[in-house]
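K.L.:
this one's sequence-less:
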């Protein structure tokens, strides 16, 4: 009853935003322009606004002329002053906290969060939730699991005293709706204070198993959930001892089933939807997760970055709809710095995303590349392709993450490989070469064949091919790893990332992974 009431109130608060979105998709150009001009008016008196002539900007074209395309480095001096406590730098709205983010390498970046930025996120979240619950009303009747990450240490603050980092996923919802989400959570957020990763996983899995009526699971990385349920055979007896007798009997009977999918279906018979990343390099782990829960609807997350809420899924659409009511969006075609607007995108085109937000990011290159797959009325539908500018270039080879991701997906599909983990990185030890780190039970011969095929297709890149011809790089090799996703996750946590946010890239630009994954495992 508590879950049903909390979920129903949550839906009631979300439904109006879905209605507003459905009206906006018929007037994408006008909606986006109004959003931009409102942001400019609000922040005209800030130091950034004064420096870029915000008071005299009255159109998108004037804004693009006055404000150059930027990235974190161009915003860094402004963000640094704001983090030190100076007011009215990027936004009129007061900064509440800074959320850390990082790519596959490089230092942590701190993104300012304001109440108005949180409202921009909430517009996308509410439209998604209202659409999801409207199509799956049974979700109202039971608890949900919203990703909770373990605390990696004491919560830090900026020099100006601002907190660094949200507590959990429910924080994105904010306000009174956050309390409703918490009331219907299968796993309490207090679990995040379990600092030991195995203890955190056990506590999370225990709460999930207790929730027989679990209806919805929302995580970021599909591997994150796979790693949890993979521990059921190992921890099953211990979990049953920590359950009440009736539930323990049900779980023991379920664990005697013939296969993991059947076990999961018996433990969580009401589970309806799993929301997680499905695009780019997450496609293979998402497919594996779907095989573990064949009775469940898998829904992609859309493109949600720390900096901006770009798209959200709609039931019945293969890809995610642009969140045209969240931020002002621009799109750069490949090889061009002349942006297009949301209403100008072509089906099939690939673009780099540029955002302007109420958090104080102006014409900010997000670093993500998307492809337009169609339209929902007038609103583009998109899928994530890869990271823009994520290039590995040790010897002039200039390998690009999006190209590597596409090659891996093609080769794995052709060879019918479904690894639980796969990533390419350079091993600079003589002779330098790229390595396919792969977690798969398939024979060595098949992994070696995959490595040869991947190497051949990477040679479509002129620079990689030239480095191979010059002997600067030897051929790509396969390196079988065990528990690859778990090892990568722990390495990322040591590097300061949240467990629930870790996304395995197709291409990691760092060296040294052979030592991390363990020397002595067979190479092919």
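P.N.:
That came through fine. Remember, predicted model here, so these are calculated numbers, not experimental data. Residues are numbered from 1 along each chain as shown.
K.L.:
contacts and neighbour counts: CA atoms only from here.
P.N.:
Fine.
K.L.:
so who does residue 350 touch?
P.N.:
Contact partners of residue 350, counting by Cα atoms under 8 Å, 6 or more residues apart in numbering, are 333, 334, 369, 370, 371, 372.
K.L.:
Just the buried ones from those residues?
P.N.:
333, 369, 370, 371, 372 (16 or more other Cα atoms under 10 Å).
K.L.:
Can I get those residues in JSON lines including pLDDT and distance to residue 228?
P.N.:
Output for the buried ones among the contacts of residue 350, formatted as JSON lines (pLDDT from 0 to 100; distance: Cα to Cα, whole Å):
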{"residue": "333", "pLDDT": "95", "distance to residue 228": "39"}
{"residue": "369", "pLDDT": "91", "distance to residue 228": "30"}
{"residue": "370", "pLDDT": "95", "distance to residue 228": "30"}
{"residue": "371", "pLDDT": "96", "distance to residue 228": "32"}
{"residue": "372", "pLDDT": "97", "distance to residue 228": "33"}
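K.L.:
So which of those residues belong to strands?
P.N.:
333, 369, 370, 371, 372 (DSSP state E).
K.L.:
The contacts of residue 350: which two are farthest apart?
P.N.:
Using Cα to Cα, the contacts of residue 350 reach their maximum pairwise distance at 334 and 372, which is 13.2 Å.
K.L.:
first to last residue in stretch 329-345, what's the distance?
P.N.:
11 Å (Cα to Cα, to the nearest Å).
K.L.:
from the contacts of residue 350, which is closest to residue 482?
P.N.:
Nearest to residue 482 among those is residue 369, at 30.9 Å by Cα to Cα.
K.L.:
gap between the closest one and residue 188?
P.N.:
Counting by Cα to Cα - residue 369 and residue 188 are separated by 35 Å.
K.L.:
Equivalent analysis for residue 443, please.
P.N.:
For residue 443 relative to residue 188 (Cα to Cα), the value is 42 Å.
K.L.:
More neighbours: which of those two?
P.N.:
The neighbour count for residue 443 versus residue 188, taken as other Cα atoms under 10 Å, is higher for residue 188 (16 against 8).
K.L.:
Is it correct that that one is in contact with residue 179?
P.N.:
No: taking Cα atoms under 8 Å as the definition, residue 188 is not a contact partner of residue 179, at 11.9 Å.
K.L.:
pLDDT weak spots in the chain?
P.N.:
By pLDDT under 70, the low-scoring segments of the chain are 102-108, 151-155, 167-178, 389, 500, 519-524.
K.L.:
Where do the strands of the stretch 201-350 of the chain begin and end?
P.N.:
216-218, 273-276, 297-300, 311-313, 320-322, 328-333, 340-341, 350-356 (DSSP state E, counting those that start in this stretch).
K.L.:
Parallel or antiparallel, list what pairs with the longest one.
P.N.:
Read it as strand 350-356. strand 328-333 (antiparallel), strand 364-376 (antiparallel) (DSSP bridges).
K.L.:
any idea which helix or strand comes after the longest one?
P.N.:
For strand 364-376, the following helix or strand on the C-terminal side (DSSP states H and E) is strand 379-387.
K.L.:
And the contacts of that following strand?
P.N.:
So strand 379-387 is contacted by 25-26, 28, 279-281, 302-303, 311, 319-322, 324, 342-343, 345, 367-375, 401-402, 405 (Cα under 8 Å, 6+ apart).
K.L.:
could you flag which of those are buried?
P.N.:
Here, 16+ other Cα under 10 Å leaves 25, 28, 279-281, 302-303, 311, 319-322, 324, 342-343, 345, 367-375, 401-402, 405 buried among the contacts of strand 379-387.
K.L.:
tell me the domain ranges of the protein?
P.N.:
117-300, 391-517 (automatic domain parsing).
K.L.:
ok, residue 293 - how many residues close by?
P.N.:
Residue 293, neighbours per other Cα under 10 Å, totals 22.
K.L.:
In contact with it: list those residues for me.
P.N.:
261, 264, 265.
K.L.:
Pop out the phi and psi values for the closest residue in space to residue 225 that isn't next to it in sequence.
P.N.:
Using Cα to Cα, 6 or more residues apart in numbering and skipping residues adjacent in sequence, the residue nearest residue 225 is residue 219, 7.3 Å away. When read as degrees, to the nearest 10, the backbone of residue 219 gives phi -130, psi 170.
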